[in-house]
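Enquirer: Sequence plus predicted model, see below.
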Amino acid sequence: MLRIVTAVVARDLRLAMRRQADIVSALFFFIIVVSLFPLGIGPEPDLLRKLAPGVLWVAALLATMLSLPRLFADDHRDGTLEQLALAPHPLGLVVTGKVIAHWLVSGLPLAVLAPVLGLQFDLSTEALVVLTASILIGTPALSGIGGIGAALTLGLRGGGVLLSLLVLPLYIPVLIFGAGAVDATVSGLGGEAHLSLLAALTLAALGFAPWAAAAALRIALE
Amino acid sequence: MTDRFNIYRYAAPSAFYPLAGAMVPWFAAAAVLFGLAGLWLGMLVAPTDFQQGEGYRIIFIHVPASWMSMFIYLVMAFWAAIGLAFNTRLSGMMAQALAPTGALMAFLSLWTGALWGKPMWGTWWVWDARLTSELILLFLYIGYMALVAAIDDPRRADKAGGLLLLVGVVNIPIIYFSVKWWNTLHQGASVSLTKSPSMAATMLWGMLLMALCFWMYSIAVALIRVRTIMLERERNTDWVRETLEGDGK
Amino acid sequence: MLEADNLECVRGERRLFAGVGFRLEGGELLYLQGRNGAGKTSLLRMLIGLLPPEAGEIRWRGVPIRQAGDDFRAELCYLGHLNAIKEELTPLENLLAAARLADEELSEDEVLDALEQVGLAGREDLACKYLSQGQKRRVALARLVKERRPLWVLDEPFVALDVAAVDWLAGLISAHLQRGGLAVMTTHQAVAIPAGTVRELRLS
């Protein structure tokens, strides 16, 4: 069981490494969106500190959306997806592997960048730590839930826009608990409760979402 | 699968079409009756609220619309589950026929909420947990309709839409809980729409009658819509040709 | 071993075929024929379990393939229109990855040997995007060289191949049949495959 997951992760990571431009552009998108906010609302440190968690988290959602359409589309176009669906093990495991690989190249780099961008918003060290932790814990849920949307919109006209329409409302709990963790830390309440709820969301998403996405893929392959 | 389901699949639309047609006038009439009774109770009989004046009467639309918007999503998810489990064609059509009405109810609930909010709180929109959840529900309806509209093959549309509905119905409690949590943390809007002081019996009756009216309306409209969907999808079958020829005479 | 009963296929609004059935035993080859759009590819996709038939049933070793699930897929090899190879990976990486994902034991030497047979010796470390269409097809066909699963389902395997390659592939399929395997394929070219029993099914 674990072998197939690692095989998919290894293959997708190798492919991503041959196509680094995609990863880098999603990261720059994240950086640019976050940097636009101070220009739009003014440089007052108090205001920025207050907005930082929400801004960083919304930008993280959008950056994740950028790479989602390709989660299955490339494999679909060249026929690999059919072969994966015909392999003698549950398709949900294959999707789990793809979701993990997606997180490694999209969510993880966001978590690495987040503290640097948080500095632009004058966040305290404590808040930066919680921000990084929340993005680290929350983004796997984004990849998982996003996988369902990517599978449902596979091969459709205007798939990318449709995908955001389907997936962004489902991201709301992650956004609330992710940004809330940092907020709570800043206001002195402590972000542990938020972080544990976020972790629960991620576990649930990683447990269930790949199977829903696998069902959606079978529908798309008919 | 088995033969029983095949027979069911083929027989259902042709058998359901006339049945639905016969039911529509009854539900429509019931909607009108309940609506008139509800409006009479709500607008004329129910006492003026001593705090909110006459403006509060919008809840006779607002509350039933909110109930309906949530209930219709559940019904759609129910049809989706049936459709995915037994591969019945009718279920996907029912879910699709209900979606616009559900979205309309969610929109109506938001709109009347805004109309109510303006005189009450002096603002069109408050980030109240219920209003926010209702807005997200509207997004879910729109997402469903957009997905179904984007898929050309009707059967794939049914299945994909059904799966999305099931994912949505699992997520709604999580979303509602998270929005509520978020709302209590940011104590900006402490006024809740449902915090009305001890509801008078006539108000309750008015609201129930209006809810029944909306219920009957939704069923009637969904049946009309499902009949149209059936004709469109099965236009190459014999029963549709016969039905249409019969109507033309 | 492979039986299909009374299959019906509806795509969109059109009924492509109905009442299609056949039986195929070990060592037998089934040619699917029919004009474009008759539903050959749809039938193949039904046989591999990707497309649920509108009516009818497909059984492998007596068990409906829906129920058999992974047990059926473990004995199936499908080669579609699309090559299912990654442009960014080299032929060697492609075949190794495909084997791992399909749960097959395949060593690097075996893959190199297969690539040599399809005439790609010396290209095994070149990313597939630098290969020609015909060469990419050969990479996909190289999967068949070491393939020992009993049921092969091949969609237009001879397309984009030169004469020598067609002969080579015909030999490969015939060896598979002699080992007691089954094959179902569509083709527009008349290719003589020296095998025991060749059945034909015409979709109209």
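Expert: All right, it came through fine.

Enquirer: secondary structure element for the residue most central in space within chain B?
Expert: Nearest to the mean C-alpha position of chain B, by Cα atoms, centre = their mean, lies residue B:102 at 2.8 Å. Here residue B:102 sits within helix B:89-121, counting by DSSP states H and E.

Enquirer: Could you see whether chain C lies near the helix or strand following that helix?
Expert: Using DSSP H and E, the helix or strand that follows helix B:89-121 in sequence is helix B:129-150. No - Helix B:129-150 stays clear of chain C (Cβ under 8 Å from any Cβ of the partner chain), getting no nearer than 15.4 Å. The way it works is simple: take the backbone N, C-alpha and C, and place the C-beta from them, glycine included.

Enquirer: how far does the helix or strand that helix B:129-150 is followed by sit from the chain's center?
Expert: Using DSSP H and E, the helix or strand that follows helix B:129-150 in sequence is helix B:154-185. Relative to its chain's centre, helix B:154-185 lies at 15 Å (Cα atoms, centre = their mean, to the nearest Å).

Enquirer: and residue 66, what pLDDT?
Expert: No chain in the question, so chain A it is. Note for residue A:66: predicted pLDDT of 90.

Enquirer: let's do chain B instead
Expert: pLDDT, residue B:66: 90.

Enquirer: Quick one: neighbours of residue A:112, just the number.
Expert: 13 (other Cβ atoms under 10 Å in any protein chain shown).

Enquirer: What is the three-state secondary structure of residue B:235?
Expert: Under DSSP: H, G, I helix; E, B strand; the rest coil, residue B:235 falls in the coil class.

Enquirer: Name the residues of chain B found near chain A, please.
Expert: B:136, B:139-140, B:142-143, B:146-147, B:150-151, B:155-156, B:159-160, B:163-164, B:166-168, B:170-171, B:174-175, B:177-179, B:181-182, B:185.

Enquirer: Contact residues of chain A facing chain C?
Expert: Contact residues, chain A versus chain C (Cβ under 8 Å from any Cβ): A:3-4, A:7-8, A:11, A:14-15, A:18-19, A:77-80, A:82-90, A:94, A:218, A:221-222.

Enquirer: Swap in 10 Å and give it another go.
Expert: A:3-4, A:6-8, A:10-12, A:14-19, A:74-90, A:94, A:97, A:218, A:221-222 (Cβ under 10 Å from any Cβ of the partner chain).

Enquirer: which SS class is residue C:21?
Expert: strand.

Enquirer: thought it was touching residue C:3?
Expert: Yes - at 7.8 Å, residue C:21 and residue C:3 qualify as touching, with contact defined as Cβ atoms under 10 Å.

Enquirer: Give me the common contacts of those two.
Expert: Listed as contacting both residue C:21 and residue C:3 by Cβ atoms under 10 Å, 6 or more residues apart in numbering or on different chains are C:57, C:58.

Enquirer: about what we covered before: may I see the ChimeraX selection of the buried members of the residues of chain A next to chain C?
Expert: Filtering the residues of chain A next to chain C down to the buried ones (16 or more other Cβ atoms under 10 Å in any protein chain shown) takes a single ChimeraX command:
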select /A:4,7,8,11,12,14,15,16,74,75,76,78,79,80,81,82,83,84,85,86,87,88,89,90,94,97,218,221
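
Enquirer: and the helix or strand bottoming out on mean pLDDT in chain B, what other elements does it pack with?
Expert: Ranked by mean pLDDT, DSSP states H and E, the weakest helix or strand in chain B is helix B:238-248, scoring a mean of 73. Packing contacts for helix B:238-248, counted by 3 or more Cβ pairs under 10 Å, 6 or more residues apart in numbering or on different chains; DSSP states H and E, involve helix B:3-39, helix B:201-233.

Enquirer: Those: which one's closest to residue C:17?
Expert: For these, the distance to residue C:17 is smallest for helix B:3-39, at 16.5 Å, taking Cβ to Cβ.

Enquirer: Thanks a lot, catch you later.
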